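> Here is the input, now give the coordinates:
(chains A and B)
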Amino acid sequence: MNKKILSFSTAILFSLFFFKRDIGLNMLLFSVLTTLILVLLFPNKFKNKKVLMYTGFYLVSSTLIFFYNSSLTIITSLISFFVLLGAVIERKSSIYVLAFNGLYTTIASIFATTIQQLNKETTEVIKRKINYIYWFKMIGIPLITVFIFSILYRSANPYFNEIIQKIDLSFINMQLVLFTLMGYFLMLNIINPVEIEPLTSFDLKTSNILARNPKKEQSTESLIQENQLGIVLFIVLNSLLLFFLITDALYISRITDLRASDLSKAVHEGVYALITSIVFAITIILYFFRGNLNFFNKNKNLRLLTFIWIALNIVLVFITSYKNYLYVIQYGFTYKRIGVYIYLSLSLIGLITTFFKVSNIYNLWYLFRKNMQMAYLLLILLSTVNWDKFITYYNTDIANITDLGYLIRLSDNNTLMLQEYTDTHPNIGTYREQREVLLKYHVYIENLEENSWQELVYDNLSFIK
Amino acid sequence: MKTPLTAIKAAILSSSLLFIYVFVFENVGEIIIPLYFLSIVITFLIAGGMIFFTIMPFSLLEKDNTILFKKYFPFYAIVFFCSCLSFAYIAKFENIVVGVLSIAYITAMQSWIWTFKPENK
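Numbers count the residues shown, from 1 in each chain, chains lettered A, B, ... in the order given. Next up, the predicted model:
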């Protein structure tokens, strides 16, 4: 199939979907289109389960944009697209390499293939050079001549001038033409996938297993000393963290009056302590288990103490989660409080992968790869939730205190739910807040009615008759 | 040294793209030709500086242009694109800013090709 024709036809569809349009159904249609093109051009790649899984993630994330258009779903869809494109290029790479390869292809493939082509031409000298002078003579000179003579004739003949003036080319929308050209550039990039060669080859040849390095062989005495230092350090750190956890548990058990300022202070200070503790924990663990101490036969105590420290840090994660839970149950969800939960989940993942790194003697790349993989999966999972709607539901139905002003400031995704809530609870909030909800509702309905077919969202189907 | 020649090419490319952009998106009816040539002088200085300070230093790291391009161009492209995206975000995706940044991006990428393309034998 001629790639240029394919690019051009899909570029026209690209401008039909996106030219002067907001995001909505068009993202889903575009994802189906790009997936079809990739399947058509690289059918063998789609026989692999991993590639099929990434295709699924991409299509699901684009479908989610149709259901609730949020920044999170758009970012997830874009990252999923880069990952899928990267998997089509080289599926065996790590997730971050897939994403980088996909991004590189999307933004610069055409430039990379041009230089590849130029290199090929100079070494093989196959392609005939374009004769620019010939084409200038054939097209440029006649055009310039016609232009000059038409100016002359216009001044000489008023009737001719009138006819020339009547030529109206305003029907050509130059903005649309440029936008289509941009789509053409994008599609040309997508159908000519290229990889970041040094990054991909380095990733493919780097294993997860930590190999014993004979060049950096330490003496037994040095290993014993390092082992002893590690044991002393971890005993001190474990005792300190244990003491902190006990006092923290006592502090939580004595909280009877749930004042917002106290809870906020407890959560924020807990999170700061957690950040510091986990960063130190992972750095110290990585330092001690960077090399040959992993293979030292008397390192059992050090490993045990490391596992205890990881476990204590996990307890710290749960205690901070509980503080956040107390905060949420009383004052409801906000994006910051959800952010704390996300951070805690990532910390938990980081600690678990560090445990596996030490117990199975993996290297730093293992840690990096697994954590990135888990972060991507978490992103996909998080984007499946309509957070504005969830926050509105929780804060109005479950939380003890409802901050209506905060709910009004959220995106349009909660508008219908909020309107329904204020309809059934006419005494909630101030008069001004009630008016703001009504205004938000009317503006949203107006926007839904103005949506073109490309901008359709789920609320259009469920609400507009 | 390829820098001055590449800078001239980059200046002509970016000025032409800028004028097309201004003509199409900013609803300017007539293009003033002398202004176009004046803009080439300004873009020559900007493009020259950009090529000299951000592209040419790579030639110190590697002598073989083919290897150099493979090794450093992808990272340059990604960093340049992300920087442009950040500026566009800061400017709240204002049309003119997005236009100028797109032109800067295309010019920088094309300048890599002009600078490191293989010599004709």
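
> Get me the contact residues on chain B for chain A.
Contacts of chain B with chain A, taken as CB under 8 Å from any CB of the partner chain, map to B:20-21, B:23-25, B:66, B:69-71, B:73-75, B:77-78, B:81, B:109-110, B:112-113, B:116-121. Placement of C-beta: from N, CA and C, glycine included.

> swap the cut-off to 10 Å and go again
Selection of chain B residues close to chain A by CB under 10 Å from any CB of the partner chain yields B:20-21, B:23-25, B:65-67, B:69-78, B:80-82, B:84-85, B:99, B:102, B:105-106, B:108-110, B:112-113, B:116-121.

> Which ones among these map onto helices?
B:20-21, B:23-25, B:65-67, B:69-78, B:80-82, B:84-85, B:99, B:102, B:105-106, B:108-110, B:112-113, B:116 (DSSP state H).

> which of those are buried?
B:21, B:24, B:65-66, B:69-74, B:76-78, B:80-81, B:84, B:99, B:102, B:105-106, B:108-110, B:112-113, B:116 (16 or more other CB atoms under 10 Å in any protein chain shown).

> what about the stretch 151-300 of chain A, any weak spots by pLDDT?
The model of the stretch 151-300 of chain A has pLDDT under 70 over residues A:166-172, A:214-218, A:255-263.

> Give me every residue in it lying close to chain B.
With the criterion set to CB under 10 Å from any CB, the stretch 151-300 of chain A comes near chain B through A:173-179, A:182, A:185, A:194-200.

> Among those residues, name the buried ones.
Buried subset of those (neighbour count, 16+ other CB under 10 Å): A:178-179, A:182, A:185, A:194-196, A:199-200.

> Excluding chain neighbours, what is closest to A:T35?
In this structure, A:T35 finds its nearest non-sequential neighbour in A:T55, 6.0 Å apart by CB to CB, 6 or more residues apart in numbering or on different chains.

> typed the wrong thing, it's A:L181
A:A11 (7.4 Å).

> ok, now which ones touch the one you found?
Residues in contact with A:A11 (CB atoms under 10 Å, 6 or more residues apart in numbering or on different chains) are A:179-188.

> How about the secondary structure of it?
Here A:A11 is recorded as helix under DSSP: H, G, I helix; E, B strand; the rest coil.

> what does A:I23 give?
Secondary structure, three-state DSSP: A:I23 is coil.

> Check the burial of it by counting its neighbours.
21 (other CB atoms under 10 Å in any protein chain shown).

> Report whether the expected contact of it with A:I75 is present.
No. A:I23 lies out of contact with A:I75 (CB atoms under 10 Å); the separation is 11.6 Å.

> So in chain A, which helix runs the longest?
Chain A, longest helix under DSSP H: helix A:220-253.

> The helix or strand just after that helix - contacts with which helices or strands?
Sequence-wise, the next helix or strand downstream of helix A:220-253 (DSSP states H and E) is helix A:260-288. Applying 3 or more CB pairs under 10 Å, 6 or more residues apart in numbering or on different chains; DSSP states H and E, one finds that helix A:260-288 contacts helix A:220-253, helix A:300-331, helix A:335-359, helix A:364-383.

> Show residues contacting the helix or strand that the last one is followed by.
To tie it back to what came earlier, the one meant is helix A:364-383. For helix A:364-383, the succeeding helix or strand toward the C-terminus, using DSSP H and E, is helix A:387-397. Helix A:387-397 has contacts (CB under 10 Å, 6+ apart) with A:68, A:70, A:72-73, A:328-329, A:331-335, A:337-338, A:385-386, A:399, A:401-404, A:406-407, A:410-418, A:420-422, A:424-425, A:428.

> Let's see which of the contacts of A:A11 end up in helices.
A:179-188.

> Closest one of the buried ones among the residues of the stretch 151-300 of chain A next to chain B to chain B?
A:I196 (4.0 Å; CB to the nearest CB).

> Give me the pLDDT for the residue nearest to A:L181.
Looking at A:A11, its pLDDT is 91.

> residues touching A:F30, list them.
Counting by CB under 10 Å, 6+ apart, A:F30 has contacts A:10, A:13-14, A:17-18, A:23, A:62, A:77, A:81, A:183, A:454.

> quick one: the residue lying closest to A:A375 once chain neighbours are set aside from A:M53, how far?
When the adjacent residues along the chain are set aside, A:A375 lies closest to A:L346, with 6.6 Å between them (CB to CB, 6+ apart). Distance, A:L346 to A:M53, by CB to CB, to the nearest Å: 22 Å.

> Give me the more crowded residue out of those two.
Neighbours were counted for A:L346 and for A:M53 using other CB under 10 Å; A:L346 has more, 16 against 13.

> quick one, what contacts the residue positioned nearest the centre of chain B?
Centroid-nearest residue in chain B: B:T107, 2.4 Å away (criterion: CA atoms, centre = their mean). Contact partners of B:T107, counting by CB under 10 Å, 6+ apart, are B:9-15, B:17-18, B:43, B:46-47, B:50-51.

> which of the residues of the stretch 151-300 of chain A next to chain B sit farthest apart?
Maximum pairwise distance among these (CB to CB): 43.0 Å, between A:N173 and A:P198.

> Report the rounded mean pLDDT for stretch B:59-77.
pLDDT averaged over stretch B:59-77 gives 90.

> Stretch A:428-438 now?
Averaging pLDDT along stretch A:428-438 yields 88.

> got a list of what B:S16 touches?
So B:S16 contacts B:36, B:39-40, B:43, B:103 (CB under 10 Å, 6+ apart).

> out of these, which is most surrounded?
Highest neighbour count within the contacts of B:S16: B:T43, with 25 neighbours (other CB under 10 Å).

> name the helices or strands packed onto whichever strand or helix holds it?
Secondary structure from DSSP H and E places B:T43 in helix B:33-50. Judged by 3+ CB pairs under 10 Å, 6+ apart, the packing partners of helix B:33-50 are helix B:3-25, helix B:95-116.

> Reformat these as a markdown table; add mean pLDDT.
Shown next, in a markdown table, are the helices and strands packed on helix B:33-50 (pLDDT from 0 to 100):
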| stretch | mean pLDDT |
| --- | --- |
| helix B:3-25 | 81 |
| helix B:95-116 | 90 |
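
> quick one on the thing from earlier: what's the burial count for the residue nearest to A:T35?
When neighbours are defined as other CB under 10 Å, A:T55 has 21 of them.

> same deal with A:I107?
When counting by other CB under 10 Å, one arrives at 23 neighbours for A:I107.

> Just want to check the distance between the residue of the stretch 251-400 of chain A found nearest chain B and B:S83.
Relative to chain B, the nearest point of the stretch 251-400 of chain A is A:M372 (16.3 Å; CB to the nearest CB). As judged by CB to CB, A:M372 and B:S83 stand 23 Å apart.

> can you check B:T3 too?
Applying CB to CB to B:T3 and B:S83 gives a distance of 21 Å.

> Name the next helix or strand downstream of the stretch of helix or strand A:F100 belongs to, please.
With elements taken from DSSP H and E, the one containing A:F100 is helix A:95-124. Counting by DSSP H and E, the next helix or strand C-terminal to helix A:95-124 is helix A:132-135.

> Contacts made by the helix or strand just after that following helix with the rest, please.
Heading C-terminal from helix A:132-135, the first helix or strand you meet, by DSSP H and E, is helix A:141-156. Contact partners of helix A:141-156, identified using CB under 10 Å, 6+ apart, comprise A:136, A:160-165.

> Go again with 6 Å.
A:160-161, A:164 (CB atoms under 6 Å, 6 or more residues apart in numbering or on different chains).

> which of those lies closest to A:A87?
Using CB to CB, the contacts of helix A:141-156 come closest to A:A87 at A:I164, 56.2 Å.

> For the closest one, which non-adjacent residue is closest in space?
A:R154 (5.8 Å).

> cool, B:N65 as well?
B:N65 sits nearest to B:F116 (CB to CB, 6+ apart), 4.4 Å away.

> Output the set of residues of the stretch 1-150 of chain A in proximity to chain B.
A:104, A:107-108, A:111, A:114-115, A:118-119, A:122 (CB under 6 Å from any CB of the partner chain).

> farthest-separated two in these?
Maximum distance among the residues of the stretch 1-150 of chain A next to chain B (CB to CB): 25.7 Å, for A:I107 and A:T122.
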